[in-house]
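Student: what's the 3D shape of this:
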Amino acid sequence: MISKIKDILRCYATGMGIKGISSAFEISRNTVRRYVHMFQDSGLSMEQLMSMSEHHLQEMFGSNERERKPSRRETELEALLPDYAARLKRKGVTVKSLYEEYEREHPDGYRHASFGKYLRQYMLGTRVVGHVEHYAGDQMYIDFAGDKLEVVDAETGEVRGVEVFVSILPCSHYTYCEAVWSQQKGDLIKACENALHFYGGAPLAIVPDNLKSAVVRNNRNEPVINEEFAAFAEHYGCAVYPARVRHPKDKALVENAVKLMYRSVYADIEGLVFHDLDSLNAAIRNSLDVFNGRKMSNRKESRRELFEQVEKGYLRPLPERRHQMKQRLSATVMRNSYVTLFKHHYSVPKEYVGKRVDLVFDADTVEIFHGLKLVTAHQRNDTPYEYTQKEAHHLPGRHGSYEKDIEEIYGRAAQIDNILLLYLKEVASLKKYPPLAFRSCRGILSLEKKYGIERLVAACACATQSRRYGYNDILDILEKGDDADFMPSADTSPSNEASRTLPQHKNIRGRDYYTKPATSNKKSNRNGNKH
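Tutor: Take a look at the predicted model:
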């Protein structure tokens, strides 16, 4: 009896009320009140009282108590209670399973109700906890369930386990649940963000368990938060307030929410087969909607109603844009002036070949830094073994499709003359293979730099007439001067027939050379006699 009086006074010292103590220990309120008054009248502190011997305590509190010798059943059960209380902390152990074991070993022992009462009284005496007041819009507890769900590949039949994320607003007990592929920071941040959008607002603080994806190092003074998770929390204006290590009561509500998910969501989808994460989450949302709409124990409101009435208005508005999580990797620029991210290659200016750069990327963009300098940025592309290149980098080699490049050549030819355009199209048609057609057309167009536009167009007209199609054919015509008859300035009179057919070459003087003024001939005859 003295140990029970100690437990009663210890509960009173932690702030537990007379009514609560009476209900917990199943004794009358007057008896509890009498013990409390006797303690207050003694003038002793709780530490002094607990240090007193049982003999002194018996004199102080037991003078009016009727001596009662415990029964054999009570003595047997009290000896078993410490082991039962320790085992109850293990996963899957319940009061019901412990009682079934007790009943098998002690068939003449207590019934289930009395067994639960003695076990509850013992645990109240050994695990006294303080009351925590939860305020609207203050915190959001998050955790992962211990038991995974499964997704079955429709083609291979492979079974893949998925993690189950659970969050709760402790003031209203409004609960959110979602299946994700892993507990890594990317999936954790995405699930937390979905939870905030489910609630329609952000609390002041997010309270995670000590997950490495959220908390790098935890200590009692100032925990070190994962950079990406801290950036996510800052985007939504939340603080990250991790639960203390080895203090499960700090997040008892979310621990209890996980157990409730086992009894509701897990039970509802048991036996169903899901082939993708979306269909699994759709089933979870349907079950969660029913769970949040169900009346809470000992309350007249459901979790959703309590959230709407008490907490929703205290959550802060969400930003217009979702958080884009950025990741960072280091890479060396290869000799071809590319860096690789997830098997896709991105171009970098040539001056950074062989240098170490940092790739900062999210779901949409890839930014490449050398030190603190932003070198370039690309749109993210996860297609493996392909190349993303910027023309401004002027990298060696060919880039892009031949069809696109030959269309550009056609565009340049159309600006010069339709004769050239039609000839190039005919060349491309006969070559059939796009790379070969591109090289031939590009070579023909390049002859304009050496021979001029008029001669190139005339050579194409000449080649078309003789049905010769190709770079070497055009070059042969230009070198032999066969394009002269097709030049716009060609004279059609018979007297100029010979000059019209002469090949154009810098070493052929022509008749104009011999009709120069006489002064030129005198000047050129440097060894002539003086007159």
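
Student: could you say what helices and strands the helix or strand where residue 85 lies packs with?
Tutor: When secondary structure is defined using DSSP states H and E, the element that contains residue 85 is helix 72-87. Counting by 3 or more CB pairs under 8 Å, 6 or more residues apart in numbering; DSSP states H and E, the packing neighbours recorded for helix 72-87 are helix 95-105, helix 112-126. (Glycine included, C-beta is placed from N, CA and C.)

Student: which positions within it qualify as buried?
Tutor: 76-77, 80-81, 84-85 (16 or more other CB atoms under 10 Å).

Student: where does the prediction get shaky in the stretch 401-531 of the chain?
Tutor: Segments of the stretch 401-531 of the chain classed as low confidence (criterion: pLDDT under 70) are 401-402, 489-531.

Student: can you name the residues bridging to residue 373?
Tutor: Beta-bridge pairing for residue 373 (DSSP bridges): residue 370.

Student: nope, residue 159 is what I was after
Tutor: In this structure, residue 159 has beta-bridge partners residue 152, where bridges are defined by DSSP bridges.

Student: how near is it to residue 187?
Tutor: Counting by CB to CB, to the nearest Å, the separation of residue 159 from residue 187 is 19 Å.

Student: neighbour-wise, which of those two wins?
Tutor: residue 187 (19 against 10; other CB atoms under 10 Å).

Student: looks like the more buried one contacts residue 163 (just checking).
Tutor: Yes: the pair residue 187 / residue 163 is scored as a contact, 7.2 Å apart, by CB atoms under 8 Å.

Student: which neighbours do those two share?
Tutor: Where contact means CB atoms under 8 Å, 6 or more residues apart in numbering, the residues bridging residue 187 and residue 163 through contact with each are 180-181.

Student: on that earlier part again, of all the helices and strands packed on helix 72-87, which lies closest to residue 482?
Tutor: helix 95-105 (103.8 Å; CB to CB).

Student: what packs against that closest one?
Tutor: Using 3+ CB pairs under 8 Å, 6+ apart as the contact criterion, the elements in contact with helix 95-105 are helix 72-87, helix 112-126.

Student: buried ones in it, by neighbour count?
Tutor: 98-99, 102.

Student: where along the stretch 301-450 of the chain do the helices fall?
Tutor: Assigned by DSSP state H, counting those that start in this stretch, the stretch 301-450 of the chain shows helices spanning 303-306, 402-416, 418-431, 434-446, 448-465.

Student: any chance of the ones you listed in CSV, with distance to residue 31 too?
Tutor: Formatted as CSV, those follow (distance: least, CB to CB, whole Å):
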stretch, distance to residue 31
helix 303-306, 36
helix 402-416, 93
helix 418-431, 105
helix 434-446, 99
helix 448-465, 112
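
Student: so which of those helices gets nearest residue 118?
Tutor: Proximity to residue 118 (CB to CB) singles out helix 303-306 among the helices of the stretch 301-450 of the chain, at 32.8 Å.

Student: what about that closest one, distance to the chain center?
Tutor: For helix 303-306, the distance from its own C-alpha centre to the chain's C-alpha centre is 30 Å (CA atoms, centre = their mean, to the nearest Å).

Student: which residues touch it?
Tutor: For helix 303-306, using CB under 8 Å, 6+ apart, the contacting residues are 172-175, 291-294, 296, 299.

Student: same thing with stretch 316-330?
Tutor: Contacting residues not belonging to stretch 316-330 are listed as 137, 185-186, 189, 193, 196-197, 200-204, 228, 231-232, 235-237, 341, 356-364 [CB under 8 Å, 6+ apart].

Student: can you select the buried ones among these for me in ChimeraX?
Tutor: A single ChimeraX command is used to select the members of those judged buried by 16+ other CB under 10 Å:
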select :137,185,189,193,196,201,202,203,204,228,232,235,236,341,357,358,359,361
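
Student: which residues touch residue 416?
Tutor: Contacts of residue 416 were listed using CB under 8 Å, 6+ apart, and they are 448, 453, 456-457.

Student: just the buried residues from the residues you listed, in PyMOL please.
Tutor: Buried members of the contacts of residue 416, defined by 16+ other CB under 10 Å, are picked up in PyMOL with:
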select buried, resi 448+456+457
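
Student: run a quick neighbour tally on the residue nearest to residue 239 when sequence neighbours are not counted.
Tutor: Spatially, and ignoring its direct neighbours in sequence, residue 239 is nearest to residue 205 (4.4 Å; CB to CB, 6 or more residues apart in numbering). By the criterion of other CB under 10 Å, residue 205 has 15 neighbours.

Student: do residue 70 as well
Tutor: For residue 70, the neighbour count with other CB under 10 Å is 11.

Student: measure it to residue 77 for me?
Tutor: For residue 70, the distance to residue 77 (CB to CB) stands at 10 Å.

Student: residue 270 now?
Tutor: The separation that residue 270 has from residue 77, given CB to CB, amounts to 36 Å.

Student: element containing residue 188?
Tutor: For residue 188, the host element (DSSP H and E) is helix 185-199.

Student: ok, then the element right after that helix?
Tutor: Under the assignment DSSP H and E, the closest C-terminal helix or strand after helix 185-199 is strand 205-207.

Student: in contact with the most centrally placed residue in the chain, which residues?
Tutor: Most central residue of the chain, judged by C-alpha distance to the mean C-alpha position with CA atoms, centre = their mean, is residue 186 at 3.6 Å. Applying CB under 8 Å, 6+ apart, one finds that residue 186 lies in contact with 325, 327.

Student: at 10 Å instead, please
Tutor: By CB atoms under 10 Å, 6 or more residues apart in numbering, the contact list for residue 186 reads 180, 213, 228, 325, 327, 363.

Student: any chance of those in JSON lines, with distance to residue 429 and pLDDT too?
Tutor: Rendered in JSON lines, the data for the contacts of residue 186 read as follows (distance: CB to CB, whole Å; pLDDT from 0 to 100):
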{"residue": "180", "distance to residue 429": "56", "pLDDT": "89"}
{"residue": "213", "distance to residue 429": "60", "pLDDT": "75"}
{"residue": "228", "distance to residue 429": "56", "pLDDT": "80"}
{"residue": "325", "distance to residue 429": "52", "pLDDT": "74"}
{"residue": "327", "distance to residue 429": "49", "pLDDT": "80"}
{"residue": "363", "distance to residue 429": "44", "pLDDT": "75"}
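
Student: of these, closest to residue 284?
Tutor: Among the contacts of residue 186, residue 180 lies closest to residue 284 (CB to CB), at 11.1 Å.

Student: so what pLDDT did the nearest residue in space to the closest one that is not next to it in sequence get?
Tutor: For residue 180, the nearest residue in space outside its immediate sequence neighbours is residue 187; the separation is 4.0 Å by CB to CB, 6+ apart. The confidence metric pLDDT takes the value 86 at residue 187.
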